[in-house]
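Peer 1: With the input below, show me the fold.
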Amino acid sequence: MAKRQGPPRTARIWIITAAAIIVIFYGVHLITRGSLPIRVAAATIGDLKIPEATNGKVEPQPQVNFEAHAPFPGVVEALYVHEGEKVPAGKLLLTMDDSEARARVAQALSLLKGAQAAYQAAQRGGTQEERISLTGELKKAQIDRDQAQHDLEALQKLQASGAASPSEVSAAQTRLAADTSSIQVLQQKLTDRYGSADLAHLQASLADAQAAYAAAQDALNQAVVHAPFAGTVYSLPVSRTEYVNQGDRLLSMADLSQLQVRAYFDEPEIGKLSIGQPATIVWDARPDLTWHGHIRRLPSNIITYGTRNVGEVLVGIDDADDVLLPDTNVRVTVTVANVSNVLKVPRDALHIEQGATFVYRKQGNSLHRVHVTIGMLNLTEVQILSGLQAGDVVALGTTNAQPLADGVPVRVIQ
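Peer 2: Below you'll find the predicted structure:
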């Protein structure tokens with residue numbers, strides 16, 4: 001009977017190799033099956049900053065911000081600058097066609113002179129022509145009165161001798177009284193023709209005329225725009241020969257080294273803010289740059305901003321430059337608290353359960369749950385008041401989404 005042969009030599013080698021691989025993997029699994037892969041961090045001593053962040057808008061500080069507006073409807077005659085240009089104090093920036101403005105000034109001046117003449121005449125009792133006429137009338141009245149007095153005296157003598165009747169004497173007396181009354185009226189017209197109410201009315205008319213002339217002259221002066229200080233023309237919304245309405249903005253310029261941010265903090269956060277707190281400013285258009293400043297003014301009331309109730313906080317920018325521009329939207333972060341030399345760990349290490357706060361401290365190759373007392377915290381770090389020491393290593397979480405637990409074996413994943 002023939003002897004049966006076993007499997008070929010090559011097949012046996014493959015079987016042995018496969019079995020060895022299985023044994024190795026099984027051994028590794030037995031060694032690591034209860035070990036959680038974790039990320040860790042050490043408790044350290046350092047500074048802990050508590051920030052509050054919000055949005056805001058950059059604006060020039062009021063004392064170095066200038067806007068020119070059209071003083072009257074008209075045409076922009078000439079522009080002498082371009083947007084973004086730095087200009088010295090006194091530089092001619094823009095002119096408007098002022099022909100109509102000059103006509104308005106001339107008309108206002110004419111009305112002013114008329115009002116001045118009327119008021120001065122009233123103070124003197126009338127115009128020169130009126131005073132001459134009244135003086136002539138007064139002299140004639142005085143002559144008539146003297147004649148009436150002479151006639152009365154003659155008639156009274158004749159009456160005594162029976163040559164004149166009582167009615168003739170009475171008529172002479174009436175004429176004398178009338179002439180005397182006329183003299184009194186004319187004298188009053190010369191010395192006190194206008195009452196206080198008349199003078200007040202004329203004085204008000206004069207004031208109105210003076211104001212109208214000053215306004216016309218001011219509008220004419222504003223037709224030529226000069227730089228009131230050295231700065232940058234950051235907005236130029238008009239062009240040469242463009243027609244503008246009265247009040248339209250012609251240009252804006254400012255000293256861009258003196259800027260501030262109007263930041264909008266939600267109502268619950270306002271109580272944490274105070275004058276002088278440091279702030280950082282970030283502009284999305286230049287994320288590589290950061291500006292620094294301090295709170296200069298706190299809000300005096302709450303306003304509605306979109307769907308939010310906010311307070312407007314003014315943050316002065318300490319290192320403003322020509323890069324950050326007015327009217328840009330920025331992100332403002334204010335440090336509302338800053339404590340030094342505190343023990344802290346990453347906030348990811350902190351756990352809260354039924355009001356208790358704890359961390360998982362790594363000891364050897366396992367975790368141990370440690371209750372801690374915490375102080376201040378921000379989005380990334382938390383202050384530890386008790387329960388840990390500097391250098392203690394705590395777990396931040398696992399890399400395989402498994403939960404941490406007290407006493408489980410772990411291995412650190414870098």
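
Peer 1: ok, how many other residues are close to E353?
Peer 2: The criterion is other Cβ atoms under 10 Å. On that basis, E353 has 8 neighbouring residues. To be clear about C-beta, it is placed using only N, CA and C from the backbone, and glycine gets the same treatment.

Peer 1: That one pairs with what?
Peer 2: Per DSSP bridges, the residues bridged to E353 are A356.

Peer 1: hey, C-alpha coordinates of stretch 322-340 in CSV?
Peer 2: Only the C-alpha atoms of stretch 322-340 are listed here, as CSV (Å, rounded to 0.1, in the frame of the first residue of the first chain):
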residue,chain,number,x,y,z
ASP,A,322,-2.2,104.5,7.7
VAL,A,323,-3.2,100.9,7.3
LEU,A,324,-6.3,100.8,9.4
LEU,A,325,-9.0,103.0,7.8
PRO,A,326,-12.1,104.8,9.0
ASP,A,327,-15.4,103.0,8.6
THR,A,328,-13.8,99.5,8.6
ASN,A,329,-15.5,96.8,10.6
VAL,A,330,-13.2,95.2,13.1
ARG,A,331,-13.1,92.7,15.9
VAL,A,332,-12.4,94.1,19.4
THR,A,333,-11.2,92.0,22.3
VAL,A,334,-11.0,93.7,25.7
THR,A,335,-9.1,92.1,28.6
VAL,A,336,-11.6,92.5,31.5
ALA,A,337,-9.4,90.6,34.0
ASN,A,338,-5.7,89.6,34.2
VAL,A,339,-4.3,87.6,37.1
SER,A,340,-0.6,86.6,37.4
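
Peer 1: any idea how far that stretch is from the chain center?
Peer 2: Taking Cα atoms, centre = their mean, to the nearest Å, one finds stretch 322-340 lying 16 Å from the centre of the chain it belongs to.

Peer 1: can you map out the helices along the chain?
Peer 2: Ranges of helices in the chain, per DSSP state H, are 9-32, 99-124, 128-160, 166-192, 196-222.

Peer 1: For the ones you listed, give me TSV that also has distance to V233 and mean neighbour count.
Peer 2: Shown next, in TSV, are those (distance: least, Cβ to Cβ, whole Å; neighbours: other Cβ atoms under 10 Å):
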stretch	distance to V233	mean neighbour count
helix 9-32	69	10
helix 99-124	24	15
helix 128-160	56	14
helix 166-192	61	14
helix 196-222	17	15
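
Peer 1: of those helices, which approaches L343 most closely?
Peer 2: Closest of these to L343 is helix 9-32, at 33.1 Å (criterion: Cβ to Cβ).

Peer 1: export the helices of the chain to TSV and tack on distance to K57?
Peer 2: TSV is the format used below for these (distance: least, Cβ to Cβ, whole Å):
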stretch	distance to K57
helix 9-32	56
helix 99-124	35
helix 128-160	64
helix 166-192	65
helix 196-222	28
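
Peer 1: what's the closest of those helices to V332?
Peer 2: It is, among the helices of the chain and with distance given as Cβ to Cβ, helix 196-222, at 35.8 Å.

Peer 1: Which other helices and strands does the closest one contact?
Peer 2: Contacts defined by 3 or more Cβ pairs under 8 Å, 6 or more residues apart in numbering; DSSP states H and E place helix 196-222 against helix 99-124.

Peer 1: Tell me how this protein divides into domains.
Peer 2: 36-46+340-412, 51-62+256-339, 64-96+223-253, 107-216 (automatic domain parsing).

Peer 1: rank these by mean pLDDT and give me the bottom one.
Peer 2: Looking at these, the lowest mean pLDDT belongs to domain 107-216 (a mean of 80).

Peer 1: distance between that one and the chain's centre?
Peer 2: On the basis of Cα atoms, centre = their mean, domain 107-216 is displaced by 62 Å from the centre of the chain it belongs to.
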